[in-house]
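Novice: Predicted model and sequence below, questions to follow.
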Amino acid sequence: MTPRFSTDVHNAIPVYVVAKGAAYPDLTATQRNWVKATGFSGALGEVALLPDDGRISGVLIGFGTDATRARGRFHLAIAAQKLPAGVYRISSGIDDLANEALGWLLSNYRFSKYAKTGVVKAELVAPEGVDAARIEAMVAGECLTRDLINIPASDMGPDALEAAFRKLGADHNAEVSVITGDDLLTQNFPMIHAVGRASDQAPRLLDMRWGEANAPTVTLVGKGVCFDTGGLNIKPGASMGLMKKDMGGSANVMGLAHMIMTLGLNIRLRVLVPAVENSISAGAFRPQDILTSRKGLTVEINNTDAEGRLVLADALALADEETPDLMICMATLTGAARVALGPDLPPFFADSDALATEISASGIANADPLWRMPFWEPYEGDIEPGIADLDNAPKGGMAGAITAALFLRRFVENTPNFVHFDIYGWIPAAKPARPKGGACQGSRALLSVIENRFCSNKPCSVDHAAGTPFTNIEQYP
Ligand code: BES
Ligand code: ZN
Ligand code: ZN
């Protein structure tokens, strides 16, 4: 179930947020003595319940210091999971109410498809002044993303991913079309077919359109590899262990699409997901095969485990044929991106400095951090093998996230505002409001970017002047 705000305002218990060492709010003498006796110091995530005639009349939540808060994102969420069952309302003490309320709701996500999980105890009333509908839409999108990733490949193969995609479309009156199996060959998506043909579940391209035909066009493309064995270049067990999450790009674009459509943004949206399983059988594609892509570029396969860029290439080529105003690609594309920045800070690649600056600033504003990396032209030669136009897996793997991004960009010729996110799609160890498992990354940042670029009726929530270091490609030597 998707967490939502409670509407039970009258019974809500007030929450006083107190930074470390700061004065307590107005309390009775008994309450003040009680709080002192509990040892409450205002440390991040600390909780003190205020008694009043046998019931809880309020709670203090510690907000820590600038330094402790800088290590995380959702600070009230820590305490929210310690509170007794009840409905709460934030009474005082913080500036960034919207993100803290978002974090509180996100901390109430449970993945309960296969086992009884802890019940939700502390509900929150929407704080005054926040856009509650927008926060709930973001939470719903993020929970959809988490669920899609958390469901294992046994129940989230290409068939099930298609069903989830169709359900999303039906929920929002979008048009959905799907090209499956050998039709991918007749309709010229040869690389999606080659990667997915070894599986018992046919490869397919999922396509959704929504919104007014004459509105600004935004196309989302997400990697939908429902399980990545590596193919004939089979992954070792430890590397294969998490590969149910290799459809994390598709789960993220579907979550973002859910946010956009729920909020009714005035854009023309298209969502494309190549949905395949990178499996092993007699029909599997092989190392040294040369594939001809939709775009006509030939690709030498030097590793069947570099399959994401192949299926995305055909989908991106299709998207680029209609030159959308903004094109976003999200994919669990390379291990190299993780080595560079770790699981919580996805790199993104964009040619437009203006777009990149907006994305970086929006990531900070929305507690959805992202870091720009370059489409580094001098490495273009690394993806050119000689006997074909492109190499899917350059030897040595140096700058693996960059060479993968450059590979994708070869299939985007017409669309200047193209951005690619190499996400991890997974939270390896639980953090406040972010349980271990499938992760939504970049979607909330992108929602703001889309609102600010195309929906001028929305107030701009991003401080464009703020930027982040290293966002301007000119700074690279
Ligand atoms: N799905 C993986 C990338 C991946 C691995 C993402 C681990 C997150 C965590 C992708 O299909 C892959 O295997 N890429 C290879 C490419 C290489 C063979 C050029 C990689 O990154 O090792
Ligand atoms: Zn792979
Ligand atoms: Zn993969």
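Specialist: Done, it's in. Given the structure is predicted, the values throughout are model-derived calculations rather than measurements. Ligands and ions are numbered 1, 2, ... in the order given.

Novice: all contacts plus neighbour counts: C-alpha atoms, from now on.
Specialist: Will do.

Novice: what's near enough to touch the closest residue to ligand 1 within the stretch 151-300 of the chain?
Specialist: Using C-alpha to the nearest ligand atom, the closest approach of the stretch 151-300 of the chain to ligand 1 is made by D246 at 5.3 Å. For D246, the contact set (C-alpha atoms under 8 Å, 6 or more residues apart in numbering) comprises 223-228, 331-332, 425.

Novice: Need the buried ones from those residues selected in ChimeraX.
Specialist: What follows is the ChimeraX syntax selecting those of the contacts of D246 that are buried according to 16 or more other C-alpha atoms under 10 Å:
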select :223,224,225,226,227,228,331,332,425
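
Novice: Quick check: residues of the chain near ligand 1?
Specialist: For the chain, the residues found near ligand 1 under the criterion C-alpha under 6 Å from any ligand atom are 246, 303, 305-308, 332-336, 393, 424.

Novice: let's go with 8 Å and repeat that
Specialist: Within reach of ligand 1 by C-alpha under 8 Å from any ligand atom, the chain has these residues: 225, 228, 230, 235, 239, 242-243, 246, 303-309, 332-338, 392-395, 397, 400-401, 404, 423-425.

Novice: rewinding a little: in strands, which of the contacts of D246 fall?
Specialist: The strands, defined by DSSP state E, take in 224-228, 331 from these.

Novice: Tell me how far A133 lies from ligand 1.
Specialist: Per C-alpha to the nearest ligand atom, to the nearest Å, A133 is found 33 Å from ligand 1.

Novice: ok, which stretches of the stretch 1-150 of the chain are strands?
Specialist: 13-18, 47-52, 55-62, 86-92, 122-124 (DSSP state E, counting those that start in this stretch).

Novice: and for the last one, what are the contacting residues?
Specialist: This points to strand 122-124. For strand 122-124, the surrounding residues in contact (C-alpha under 8 Å, 6+ apart) are 5-6, 80-81, 83-89, 101, 104-105.

Novice: May I see the ChimeraX selection of the buried members of the residues you listed?
Specialist: Command for ChimeraX that selects the buried part of the contacts of strand 122-124, burial taken from 16+ other C-alpha under 10 Å:
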select :5,80,81,83,87,88,89,101,104,105
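
Novice: okay, the contacts of strand 122-124 in CSV with pLDDT next?
Specialist: Below are these laid out as CSV (pLDDT from 0 to 100):
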residue, pLDDT
F5, 98
S6, 97
A80, 96
Q81, 94
L83, 97
P84, 96
A85, 96
G86, 97
V87, 98
Y88, 98
R89, 97
A101, 97
W104, 98
L105, 98
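
Novice: now for the host helix or strand of A170, which elements pack on it?
Specialist: Assigned by DSSP states H and E, A170 belongs to helix 158-171. Under the contact definition 3 or more C-alpha pairs under 8 Å, 6 or more residues apart in numbering; DSSP states H and E, helix 158-171 sits against strand 175-180, strand 204-210, strand 224-228, helix 248-263, strand 268-278.

Novice: For ligand 2, what is the nearest residue in the chain?
Specialist: Residue nearest to ligand 2 within the chain (C-alpha to the ion): D305, separated by 3.4 Å.

Novice: That residue is in contact with P236, isn't it?
Specialist: No. Here D305 does not reach P236: they are 11.2 Å apart, not a contact under C-alpha atoms under 8 Å.

Novice: From what I see, D228 and S239 are in contact.
Specialist: No. With contact defined as C-alpha under 8 Å, D228 and S239 do not form a contacting pair (9.7 Å).

Novice: ok so, going back, who has more neighbours out of D305 and P236?
Specialist: Under the criterion of other C-alpha atoms under 10 Å, the comparison of D305 against P236 puts D305 first, with 22 against 10.

Novice: The closest residue to that one other than its chain neighbours: what secondary structure?
Specialist: Using C-alpha to C-alpha, 6 or more residues apart in numbering and skipping the chain neighbours, the partner closest in space to D305 is G230 (4.0 Å). Secondary structure for G230, judged by DSSP: H, G, I helix; E, B strand; the rest coil, is coil.

Novice: could you dump the longest helix belonging to the chain to CSV, C-alpha only?
Specialist: Counting by DSSP state H, the longest helix found in the chain is helix 132-150. Extracted in CSV, the C-alpha atoms of helix 132-150 (Å, rounded to 0.1, in the frame of the first residue of the first chain):
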residue,chain,number,x,y,z
ALA,A,132,0.4,17.5,-0.2
ALA,A,133,-0.9,16.2,-3.5
ARG,A,134,2.6,16.6,-5.1
ILE,A,135,4.3,14.9,-2.2
GLU,A,136,1.8,12.0,-2.3
ALA,A,137,2.4,11.7,-6.1
MET,A,138,6.1,11.5,-5.5
VAL,A,139,5.7,8.9,-2.8
ALA,A,140,3.4,6.8,-5.0
GLY,A,141,5.8,6.9,-7.9
GLU,A,142,8.8,6.0,-5.7
CYS,A,143,6.9,3.1,-4.1
LEU,A,144,5.9,1.8,-7.5
THR,A,145,9.6,1.9,-8.5
ARG,A,146,10.6,0.1,-5.3
ASP,A,147,8.0,-2.6,-5.7
LEU,A,148,8.9,-3.3,-9.4
ILE,A,149,12.5,-3.7,-8.5
ASN,A,150,11.9,-5.7,-5.3
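
Novice: about what we covered before: tell me which of the helices and strands packed on helix 158-171 sits most buried.
Specialist: Across the helices and strands packed on helix 158-171, averaging neighbours per residue (mean count of other C-alpha atoms under 10 Å) puts strand 224-228 on top, at a mean of 30.

Novice: per-residue confidence averaged over the helix or strand just after it?
Specialist: Next along the chain after strand 224-228, taking DSSP H and E as the criterion, comes helix 237-240. What helix 237-240 shows for mean pLDDT is 97.

Novice: what's in contact with helix 237-240?
Specialist: For helix 237-240, contacts defined as C-alpha under 8 Å, 6+ apart pick out 228-230.

Novice: Tell me the one of the residues you listed nearest F418?
Specialist: Nearest to F418 out of the contacts of helix 237-240 is D228 (C-alpha to C-alpha; 25.7 Å).

Novice: And the pLDDT at the closest one?
Specialist: Looking at D228, its pLDDT is 98.

Novice: Excluding residues flanking it in the chain, which one is nearest it?
Specialist: Nearest one to D228, counting by C-alpha to C-alpha, 6+ apart, is N278 at 4.9 Å.

Novice: you'd agree that neighbour is up against E307?
Specialist: Yes. Counting by C-alpha under 8 Å, N278 touches E307, with 7.3 Å between them.

Novice: which neighbours do the two share?
Specialist: Contact criterion C-alpha under 8 Å, 6+ apart; residues shared by N278 and E307: 195, 230.

Novice: sorry, back to before: isn't the residue nearest to D305 right next to R286, touching?
Specialist: No. Using C-alpha under 8 Å, G230 makes no contact with R286, being 11.0 Å away.
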